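Enquirer: A structural model of the following input is requested.
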Amino acid sequence: MNAPSVDLNPRLRLVASISLLALIVLCIAWETVLAPLRPGSLLALKALPLLLPLRGVLRGNLYTYQWASMLILLYFMEGVVRATTDPAPSAHVAWAEVALTTVFFWCAILYVRPAKCAAQAARKAAKAADKQAG
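Expert: Alright, predicted model coming up:
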């Protein structure tokens, strides 16, 4: 069965891509320049998992958006914890992380939603056709 054709919002894709790129830059800058926990810390490596979905997000791959929206929640949790426990420059950067993860999450969910709804409708139609034929 072919996947249903749907119109996906290019603005959501653009904003999701920009927020993911900004989050990668923020994570690296946070742990190297803006407010590192310790000088020479390897915490900047936390940006590496964000590189995994980057190609798929930039290309608009629906599957990548689905799993990246779950991955991003780890960064959201880190941001909330550090925003409420770290002292001031780090707490401010953590709130920026929370904002960027929230933007990415909602853009990803809203970008994928039309395709998910179309696929669900196609499954219902196929099921109804099978019932009628059988």
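
Enquirer: centroid residue for the protein?
Expert: Nearest to the geometric centre of the chain sits residue 69, at 3.9 Å (C-alpha atoms, centre = their mean).

Enquirer: give the contact list for that residue.
Expert: 104, 105, 108, 109, 112 (C-beta atoms under 8 Å, 6 or more residues apart in numbering). All C-beta spots, glycine's among them, are computed from the backbone N, C-alpha and C.

Enquirer: ok, now with 10 Å
Expert: 16, 53, 101, 104, 105, 106, 107, 108, 109, 111, 112 (C-beta atoms under 10 Å, 6 or more residues apart in numbering).

Enquirer: So the fourth one is in contact with residue 15, correct?
Expert: Yes: contact criterion C-beta atoms under 10 Å: residue 104 and residue 15 qualify, at 8.2 Å.

Enquirer: The two - which one has more neighbours?
Expert: residue 104 (29 against 18; other C-beta atoms under 10 Å).

Enquirer: Would you map the strands across the protein?
Expert: Secondary structure of the chain (DSSP state E): no strands located.

Enquirer: pretty sure residue 76 is touching residue 98, no?
Expert: Yes: if you go by C-beta under 10 Å, residue 76 and residue 98 touch, sitting 6.2 Å apart.

Enquirer: In contact with residue 109, which residues?
Expert: 12, 16, 65, 66, 69, 116.

Enquirer: Run the chain-centre distance for the worst-scoring helix or strand of the chain on mean pLDDT.
Expert: Here the helix or strand of the chain ranked lowest by mean pLDDT, DSSP states H and E is helix 88-133, holding a mean of 92. Relative to its chain's centre, helix 88-133 lies at 10 Å (C-alpha atoms, centre = their mean, to the nearest Å).
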